[in-house]
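1. I would like the atomic coordinates for the input below:
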Amino acid sequence: MNNPLAIFAMLALTLLMASCLPEDQVPGIGPEFNSVLLVDTGATYGEMLPGELSAFTLRWESSEGAEWYDVRISPNPITDSNWDYALRIDSIPAQDTTEMVAFVQVQPEVFENTCISCGLCVDACPQDAMSLVGGKAVIDLRLCTACGECVNVCPVNAITDSRFGQAYYFGIRAMGSGDTRSELVTTSSRYRLRYMNYEPYCGDCAYECFILLDSCGPGCPVDAIWYTPDGSTPGVDSGLVHIDYDLCIDCGQCFIQCHQYGLWSIMKEVVEE
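-> Below is the predicted model of the structure:
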């Protein structure tokens, strides 16, 4: 390159890029991050009772140089080579503490530029939380239970695969200024959210189950809930609600009706696979 103007422009660009970097920061090298990523299993966090919120509880040791932590999920093991393809689910600000604890929620989101306005997600949603606004799919977060039925039917993958019932690996990087990134910390197992019946709270409500009464709501749309009335079966199984996980679509209707009319025995829990 012999053109003096071109050489000057390149030098100016190099100096500009260098001036934008934080002092003593090397591009592409993140904070040191040596930790183990833990995911709590069992009933999820709740503001009044356990099992209320659709959130994973993640724990890891803090990185001294981190400004925030990039949290990603994938149905497949997360590695350096596929990190950029894993779904970013949250960014957690660094805190002045030895152990980081974060509640990470899964919630489908719509890519408006990809949506083709077919309306299949609107028809599939069991909670009527989907609608078309201006020709694009919109999710009403007040009604959405993150069941993922919209994800299943979308023909163009315009809705993120972040949902209740799907099993995910988790990966975290400690991040610093200039979008630098550290070593990758991942889980070796997959974890998923599901609904469960906490038997000590299941109270044989009025000799009926409010989840199955037509007067209390639509009930389970796929008949994945059944009930053994008190006295009809021997031992601890008498008077309890049961969930068939082979049929369950994680719509949350059992959770809604049990919390509205019953004794809150239907809870959300995290299981390891």
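2. quick one: mean pLDDT for the helix or strand containing residue 171?
-> If you go by DSSP states H and E, residue 171 is part of strand 169-176. Mean pLDDT, strand 169-176: 94.
3. do the same with stretch 121-139
-> 95.
4. ok, residues contacting that stretch?
-> The contact list for stretch 121-139 (CB atoms under 8 Å, 6 or more residues apart in numbering) reads 108-110, 112, 115, 117, 119, 140-145, 147, 149-150, 152-154, 158-159, 221, 249, 251-253. Where C-beta positions appear, they are placed from N, C-alpha and C, glycine not excepted.
5. can you say which of the residues you listed are buried?
-> Among the contacts of stretch 121-139, those scoring as buried are 108, 110, 115, 144-145, 147, 149-150, 153-154, 158-159, 249, 251-253 (criterion: 16 or more other CB atoms under 10 Å).
6. farthest pair in the residues you listed?
-> Of all pairs drawn from the buried ones among the contacts of stretch 121-139, the greatest distance, 26.0 Å, lies between 115 and 253 (CB to CB).
7. what's the local residue count around the closest residue to residue 246 other than its chain neighbours?
-> In this structure, residue 246 finds its nearest non-sequential neighbour in residue 224, 8.0 Å apart by CB to CB, 6 or more residues apart in numbering. Counted with other CB atoms under 10 Å, the neighbours of residue 224 add up to 19.
8. same question, the one 5 residues further on
-> Taking other CB under 10 Å as the criterion, the count of residues near residue 229 is 13.
9. any idea how far apart the tips of stretch 131-148 sit?
-> 15 Å (CA to CA, to the nearest Å).
10. got any ranges where this protein has weak pLDDT?
-> 1-29, 178-179, 206, 230-238 (pLDDT under 70).
11. disregarding flanking residues, what is the spatial nearest neighbour of the most centrally placed residue in it?
-> In the chain, the residue lying closest to the centroid (CA atoms, centre = their mean) is residue 106, at 1.9 Å. Sequence neighbours aside, residue 162 is the residue nearest to residue 106 in space, at 4.5 Å (criterion: CB to CB, 6+ apart).
12. picking up where we left off before, just checking, which of the buried ones among the contacts of stretch 121-139 belong to helices?
-> Those of the buried ones among the contacts of stretch 121-139 mapping onto helices are 149-150, 153, 253, per DSSP state H.
13. which of the residues you listed lies closest to residue 93?
-> Out of these, the member with the shortest distance to residue 93 (by CB to CB) is residue 150, at 30.1 Å.
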